[in-house]
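Participant: no letters, just coordinates:
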């Protein structure tokens, strides 16, 4: 009895290396699993009909998550780190469990919606109102590119975009990162894979020069926070961690686009459109939500937004919502507001994949200052070397 009790107490305390090892064994590829394996076919059926609602099917990724969590969820303290970091890792375990549950609920409208709401939080009425203002074209407070005044541009393909990324990596001094083709991402898409230290690109990608620059600036935000986070000595700070880091992550990426003069008005409206769609769309079918969005967007944009907030849902004729897209517009507005009162936050937030809460850890010496931060001059020098 005494031995059993001692073993139970031992499981409540562990070391950083032990908890990091167990966390690394988790398999939670939500983006991959939540991408319908029949998206192309369902999109075609949707546009061939006036009434059809997509019936999305998803893949299953084999994992041992539940067994791993049996050990992880017993941990109450990381004994060889600062208490603040110990608390961070305990919260991270619970957050990863929620992410795993979300992945396992994909295709189950009711469960997926409930967990998505809990994890990402629904937009507040004030954010909804601001999104509506942007959708109406009230953009004077934002530094956006007026798309209607853009001159026609040649399209860049994979080789061109690879060259730009390589030039940017070299100019910033980012080592061991590269670019690769991948068919496991969305059409015309780009995705940063932290674990592999790669930026994956659709082999058939086609983007204008402005769009390519915007993409590179956006993805470099993810790369730099991962790169600097790894240098802290705490593995979790270089990878996706607590959900609240996401608002900062995507908000910073959009902020950098804006500062570089690469944020297009139509892209900001699209991000605002996802807020609108999340706020009103849970009880609407895919088709009804799409029809509502046609009042503000063209057919392709309306479908894209409806898809983004119904991604993870199986039968889209029934209620359900994905709240994750909220982090872009919400995070962007948070970043802009916080930087107005504390410009020093900009550098500190590149110390790792951290939220506003952990930014104070830089001041307190708990984690080091970031080695590399974004610079408009460095970006321009890299773009020049890449011929754009």
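Facilitator: Cool, the structure landed. Bear in mind that the values here come from a model prediction, so they are computed numbers and not experimental data. Residues are numbered from 1 along each chain as shown.
Participant: can you give me the strands for the stretch 151-300 of the chain?
Facilitator: Across the stretch 151-300 of the chain, reading from the start of the chain, the strands by DSSP state E, counting those that start in this stretch fall at 155-156, 178-181, 190-193, 198-201, 207-208.
Participant: packing partners of the third one?
Facilitator: Secondary-structure packing of strand 190-193 (3 or more C-beta pairs under 8 Å, 6 or more residues apart in numbering; DSSP states H and E): strand 198-201, helix 209-230. (Each C-beta comes from the backbone N, C-alpha and C, glycine too.)
Participant: mind listing what's buried in it?
Facilitator: Going by neighbour count (16 or more other C-beta atoms under 10 Å), the buried part of strand 190-193 is 190, 191, 192.
Participant: any idea how far the nearest residue to residue 386 once chain neighbours are set aside is from residue 378?
Facilitator: For residue 386, ignoring the flanking residues on the chain, the nearest one in space by C-beta to C-beta, 6 or more residues apart in numbering is residue 167 at 4.0 Å. Using C-beta to C-beta, to the nearest Å, one obtains 10 Å as the distance from residue 167 to residue 378.
Participant: who has more neighbours, those two?
Facilitator: Set side by side, residue 167 and residue 378 show unequal neighbour counts under other C-beta atoms under 10 Å, the larger going to residue 167 at 20 against 16.
Participant: contacts only, for the more buried one.
Facilitator: Counting by C-beta atoms under 8 Å, 6 or more residues apart in numbering, residue 167 touches 382, 383, 385, 386.
Participant: the closest residue to residue 212 other than its chain neighbours: neighbouring residues, count only.
Facilitator: Using C-beta to C-beta, 6+ apart and skipping the chain neighbours, the partner closest in space to residue 212 is residue 156 (4.9 Å). Burial of residue 156 is recorded as 23 neighbouring residues (other C-beta under 10 Å).
Participant: residue 156 contacts residue 210, doesn't it?
Facilitator: No - the pair formed by residue 156 and residue 210 falls short of the contact definition of C-beta atoms under 8 Å, at 10.1 Å.
Participant: now for these two: what residues contact both?
Facilitator: Applying C-beta under 8 Å, 6+ apart, one finds that no residue jointly contacts residue 156 and residue 210.
Participant: check what pLDDT residue 187 gets.
Facilitator: Each residue has a pLDDT score; the one for residue 187 is 85.
Participant: what about the closest residue to it other than its chain neighbours, distance to residue 321?
Facilitator: Excluding its sequence neighbours, the residue lying closest to residue 187 (C-beta to C-beta, 6+ apart) is residue 202, at 6.1 Å. Using C-beta to C-beta, we find residue 202 at a distance of 27 Å from residue 321.
Participant: more neighbours, the two?
Facilitator: Ranked by neighbour count (other C-beta under 10 Å), residue 202 and residue 321 place residue 321 first, with 26 against 20.
Participant: separation between residue 304 and residue 200?
Facilitator: Distance from residue 304 to residue 200, by C-beta to C-beta: 20 Å.
Participant: actually residue 224, not the one I typed
Facilitator: Here the distance between residue 224 and residue 200 works out to 17 Å (C-beta to C-beta).
Participant: related to what we said a few turns ago, any idea how far the residue nearest to residue 386 is from residue 387?
Facilitator: Distance, residue 167 to residue 387, by C-beta to C-beta: 9 Å.
Participant: and residue 48, by the same measure?
Facilitator: When distance is defined by C-beta to C-beta, residue 48 is 42 Å away from residue 387.
Participant: between the two, which one's more packed in?
Facilitator: Regarding residue 48 and residue 387, a neighbour count based on other C-beta under 10 Å identifies residue 387 as having more, with 11 against 8.
Participant: who are the contact partners of the more buried one?
Facilitator: Under the criterion of C-beta under 8 Å, 6+ apart, the neighbours of residue 387 are residue 163.
Participant: from here on, count from 32
Facilitator: Sure, I'll start numbering at 32, so the last one becomes residue 418.
Participant: so how far is stretch 408-419 from its chain's centroid?
Facilitator: Mean C-alpha position of stretch 408-419 versus that of the full chain (C-alpha atoms, centre = their mean, to the nearest Å) differs by 26 Å.
Participant: strands along the stretch 32-181 of the chain, start to end?
Facilitator: Under the criterion DSSP E, counting those that start in this stretch, the stretch 32-181 of the chain carries strands at the ranges 44-45, 108-109.
Participant: and the first one, what other elements does it pack with?
Facilitator: Applying 3+ C-beta pairs under 8 Å, 6+ apart, one finds that strand 44-45 contacts strand 108-109.
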